[in-house]
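*Asks:* Sharing a model that was predicted from the sequence below.
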Amino acid sequence: QVQLVESGGGLVQAGGSLRLSCAASGRTFSSYAMGWFRQAPGKEREFVAAIKWSGDSTYYADSVKGRFTISRDNAKNTVYLQMNSLKPEDMAVYYCAADFSWSISTWNSPARMDYWGKGTLVTVSS
């Protein structure tokens, strides 16, 4: 089992920045690819970014490329999402996820994730 706890959400003005953190506990964190999804009210959960277990490969949704950066610190069992130039359409509950697979098709399918956190709310005011 892997337990995931997100933090860092909050209220920010459009154009501002936030950094989300996801602390993992349980089984070997460094064996899992980690990522972030988000879900806005009335919408389906969508992929945001993912990072390979080794940290040397990342994958982003087109909507956040160039604005968001995912990183991980395996010594701290933590994955981060640095969000810059935030837009009102980025407002959502952000969820951390873990999966043993580094398949892009897997990470494009929220239902296939092995583990989830409970989410942290990001609100962007215009």
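*Replies:* Here it is on my side, so go on. Numbering: from 1, shown residues only.
*Asks:* how far does stretch 98-115 stretch from start to finish?
*Replies:* 5 Å (Cα to Cα, to the nearest Å).
*Asks:* Report the buried residues of it.
*Replies:* Neighbour counts over stretch 98-115 (16 or more other Cβ atoms under 10 Å) mark 98-99, 102, 106-107, 110, 113, 115 as buried. Where C-beta positions appear, they are placed from N, C-alpha and C, glycine not excepted.
*Asks:* Repeat that for stretch 47-63.
*Replies:* Across stretch 47-63, burial judged by 16+ other Cβ under 10 Å covers 47-51, 53, 59-61.
*Asks:* For the residues you listed, which two are the farthest from each other?
*Replies:* Greatest spatial distance in these: Trp53 and Ala61, 20.0 Å, computed using Cβ to Cβ.
*Asks:* where are the low-confidence patches of the protein?
*Replies:* Counting by pLDDT under 70, the chain has low-confidence residues at 27.
*Asks:* If anything else comes up later, I'll come back, but that's it for now.
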